[in-house]
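> got a sequence here, can you build the structure:
(3 chains)
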Amino acid sequence: MASAKGAALAPPCWDDATLSRAQLIERVWSEGGARYRDLPWRNIDDPYAVLVSEVMLQQTQVARVERYWTRFLGRFPTADALASASASDVLEMWQGLGYNRRALALKRAADACAAHHGGTLPRDLDQLLALPGVGPATAAGVRAFAFQLPGVYIETNVRTVFLHELFPQHQKVADRTLEPFVRDTCPLGRAVGGEGAASPDVRDDPRAWYYALLDYGAYLKSQVQNPSRRSAHYARQSSFEGSHRQKRSFALRLVLDAPEGLSVAEVAMALDAFEQQQGRPAPGLDVASKLVDQLAGEGFFLVDDGLVRPA
DNA sequence: CTCCGGGATC
DNA sequence: GATCCAGGAG
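Residues are numbered from 1 along each chain as shown, chains lettered A, B, ... in the order given. Model prediction:
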């Protein structure tokens, strides 16, 4: 008899699963529907606005994104508007949200949409994946939430539901293993290329389905120990205090506040003061210089003649 | 695989 | 103090 543990013994099909396909689908609609979150970026048909939400939500909690999304859309209402903005203006709007690279990537994605897609977003999966900062999850999210198209959308809440319901005793379950189940439960939506109103039945809508999955997953995590820890892709992250990441964020904040530009020496002095104030040794000029070069290389800063300015 | 932000929450 | 977060890129 097969052991219940180990990724190799994952149920290969529904027949071996702890729950039938119909049972799982019913449970998701029921549990997710009962805990529906009426978030501002839901049930909107603006693909750009959906993209902004998806990128903001990458590794970032819903409660934090709520405060940023509305403000960001007010300032950059369209992909063209974002493409026309300066990187520093975008980064300023992003401050406090975290993972500042996402802001640069999102602006570059808007640039690409303005240049190659007439200021709109493509529906095609591969064209979405070609956009900076858009991976499998974000692309599937845009397709489901903006275009109501079916697909495989796997992120932490979706993992939570499938791991909890279908792999309760398994460890290190890969997304590759979940994929067929996720694909097989997503409704197909209306016919490809179809026009007009969406199907009157919400249960045919991939958008409503994934909302239900997200809401059920988010709820589950408040009830049981995070099932996503049993994902093969789960990884703890190093602490933030005293990290290189923290120095990056400090340097970015510093330079954004100095549109006229700073010398590398001035950046080094500010960083030294910050570190010492935190009870840590001063990193010194060498570290600050490498930090500036790195951030400049990623497009955060412009450096000319030893002067560091916001990009 | 590691790196990337930053705050709420426990 | 740890833990987590609608992930993506190198």
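> which residues of the stretch 151-300 of chain A lie near DNA strand C?
Residues of the stretch 151-300 of chain A found near DNA strand C, taking CB under 7 Å from any atom of the strand as the criterion, are A:155-157, A:160, A:211, A:214, A:218, A:221, A:226, A:228-229, A:236-237, A:239. For every residue, glycine as well, the C-beta is placed using N, CA and C.
> and the closest residue to residue A:171 other than its chain neighbours, how many neighbours does it have?
If the residues on either side of it in the chain are set aside, residue A:171 comes closest to residue A:230, at 5.4 Å by CB to CB, 6 or more residues apart in numbering. By the other CB atoms under 10 Å criterion, the neighbourhood of residue A:230 contains 20 residues.
> tell me how far residue A:230 lies from DNA strand C.
When CB to the nearest atom of the strand, to the nearest Å is applied, the distance between residue A:230 and DNA strand C equals 10 Å.
> wait, that residue sits on residue A:174?
No - taking CB atoms under 8 Å as the definition, residue A:230 is not a contact partner of residue A:174, at 10.8 Å.
> picking that back up, can you list phi and psi of the residue nearest to residue A:171 for me?
In this entry, residue A:230 is assigned phi and psi values of phi -90, psi 10 (degrees, to the nearest 10).
> what does residue A:308 give?
The phi and psi values for residue A:308, taken as degrees, to the nearest 10, are phi -100, psi 120.
> in contact with it, which residues?
Counting by CB atoms under 8 Å, 6 or more residues apart in numbering, residue A:308 touches A:255, A:261, A:262, A:263, A:264, A:267, A:292, A:296, A:301, A:302.
> go on, residue A:242?
Contact partners of residue A:242, counting by CB under 8 Å, 6+ apart, are A:278, A:280.
> check contacts around the residue nearest to residue A:171.
Taking CB under 8 Å, 6+ apart as the criterion, residue A:230 is in contact with A:163, A:167, A:170, A:171, A:172, A:173.
> mind putting those residues in CSV, secondary structure included?
Below are these laid out as CSV (DSSP: H, G, I helix; E, B strand; the rest coil):
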residue, secondary structure
A:163, helix
A:167, coil
A:170, coil
A:171, coil
A:172, coil
A:173, strand
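> A strand includes residue A:299, no?
No - in this structure, residue A:299 is coil, not part of a strand, as judged by three-state DSSP.
> show me the shaky parts of the stretch 1-150 of chain A.
Scanning the stretch 1-150 of chain A for pLDDT under 70 picks out A:1-12.
> hey, where'd the strands end up in it?
Taking DSSP state E, counting those that start in this stretch as the test, none of the stretch 1-150 of chain A falls into strands.
> which bits of it sit near DNA strand B?
Counting by CB under 7 Å from any atom of the strand, the residues of the stretch 1-150 of chain A lying close to DNA strand B are A:59, A:60, A:61, A:63, A:64, A:95, A:96, A:97, A:98, A:99, A:100, A:101.
> ok, and the most crowded of those residues?
Counting neighbours by other CB under 10 Å, the top entry in these is residue A:100, with 21 neighbours.
> what about it, distance to residue A:132?
Computed as CB to CB, to the nearest Å, the residue A:100 to residue A:132 distance reads 14 Å.
> again with residue A:184
When CB to CB is applied, the distance between residue A:184 and residue A:132 equals 31 Å.
> and the residue of the stretch 201-311 of chain A closest to DNA strand B?
Relative to DNA strand B, the nearest point of the stretch 201-311 of chain A is residue A:249 (2.0 Å; CB to the nearest atom of the strand).
> next, that residue: phi, psi?
Main-chain torsions, residue A:249, degrees, to the nearest 10: phi -70, psi -40.
> residues in contact with it?
Contacts here follow CB under 8 Å, 6+ apart; on that basis residue A:249 touches residue A:100.
> likewise for residue A:89?
With contacts taken as CB under 8 Å, 6+ apart, residue A:89 has the following neighbours: residue A:75.
> burial measure for the nearest residue to residue A:209 once chain neighbours are set aside, as a count.
Of all residues not flanking residue A:209 in the chain, residue A:187 sits nearest, at 5.3 Å (CB to CB, 6+ apart). Under the neighbour criterion other CB under 10 Å, residue A:187 is assigned a count of 19.
> is residue A:187 in a helix, a strand, or coil?
Following three-state DSSP, the label given to residue A:187 is coil.
> is it correct that it is in contact with residue A:203?
Yes - because the distance of 6.3 Å satisfies CB under 8 Å, residue A:187 is recorded as touching residue A:203.
> hey, what's in contact with both of the two?
Residues touching both residue A:187 and residue A:203 (CB under 8 Å, 6+ apart): residue A:209.
> distance check, residue A:219 against residue A:86.
Taking CB to CB, one finds residue A:219 at 41 Å from residue A:86.
> do the same with residue A:177
To residue A:86, residue A:177 is 44 Å away according to CB to CB.
> understood, closing this out.
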